[in-house]
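# no sequence for this one, just the structure:
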Ligand code: OGA
Ligand code: MN
């Protein structure tokens, strides 16, 4: 079986065909997928009606899976397995969350441009998002090409930001939308973690900006200066020329490389069910150590 690779956006997004994600991956297919993701950053698969176990099995080809953060509250009852990110508007009884539900308000943070798990010392490498039920309109996911954004920066700005270390926590990202409802024991676990601002993407050798809504400080800079620089860089990196919008169909699975992309969710009619399941492949080492070793 040979997969087909149909570029939707040069060196950024490709559609993959002639593959059944329920089946074990042979070496050649894994190699072809790795080549495609190293080049593109975002891969789209259609008509993949997989269950959680099949999604986990496919995802493990790419590395160890993250477990989800369960610390929200002691009374939090998860709907899905510990390896599945619940990207839905449903509670554990599959009822649509009410407007003021804390889980809904927290999840609204996904509407800000981010890179997954950049608030963890060891962040995410790949995210694999599988659409089980989607609304007829809205609820798209947008992706920004952070390698192209790096390439397009003025040389003086490249020199300025290279070597900068940012600090990331969900306290910063949620705070931007006025969500501050954390318990003291949560705040303790959410201390900011260091992340490099510029990465070299191992699969392509290209440099990439590494930004995220979770970034809220830059080491050695005054806070307003840091926040303004982060805002300017995110504004630069999310210009329409660097952005691809994915409109979901049930059965779609999208893989993205968090090392060289950002993404965000878009609004939809929340009286409709939107149910996507995410598996996340860990990047293995902290970015600050990866940089030191390079
Ligand atoms: C995610 C995420 C965006 C969306 O799954 O990590 O940010 O469109 N999802 O739901
Ligand atoms: Mn995300």
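Ah, there it is. Everything numeric here is computed off the predicted structure, so don't read it as measured data. Ligands and ions are numbered 1, 2, ... in the order given.

# contacting residues around residue 87?
Contact analysis of residue 87 by CB atoms under 8 Å, 6 or more residues apart in numbering lists 107, 110, 129, 265, 275-278. C-beta: built from backbone N, CA, C; applies to glycine.

# same question for residue 143.
Residue 143 neighbours (CB under 8 Å, 6+ apart): 12-13, 41-42, 243-246, 256, 261-263.

# repeat the analysis, applying 7 Å as the threshold.
The contact partners of residue 143, taken as CB atoms under 7 Å, 6 or more residues apart in numbering, are 13, 42, 243-244, 246, 256, 261, 263.

# try residue 258
115-116, 123-127.

# hang on, residue 14 in a strand?
Yes - under DSSP: H, G, I helix; E, B strand; the rest coil, residue 14 sits within a strand.

# hmm, who's touching the helix or strand bottoming out on mean pLDDT in the chain?
The weakest-scoring helix or strand in the chain, judged by mean pLDDT, DSSP states H and E, is helix 287-293 (a mean of 85). The contact list for helix 287-293 (CB under 7 Å, 6+ apart) reads 123, 165, 194-196, 199, 210.

# just stretch 237-245 next, same as before
By CB under 7 Å, 6+ apart, stretch 237-245 touches 8-9, 12-13, 42, 113, 140, 142-146, 148-149, 209, 211, 262.

# sorry, back to before: buried sites along the least confident helix or strand of the chain?
For helix 287-293, the neighbour count (16 or more other CB atoms under 10 Å) marks 287, 290-291 as buried.

# ok, these vs residue 79, which is closest?
residue 287 (30.8 Å; CB to CB).

# can I get the buried part of the contacts of stretch 237-245 as one PyMOL selection?
Buried members of those, defined by 16+ other CB under 10 Å, are picked up in PyMOL with:
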select buried, resi 9+12+13+42+113+142+143+144+145+146+148+149+209+211+262
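
# now, the contacts of stretch 237-245 that are in strands?
Applying DSSP state E to those, the entries found in strands are 8-9, 13, 42, 142-145, 209, 262.
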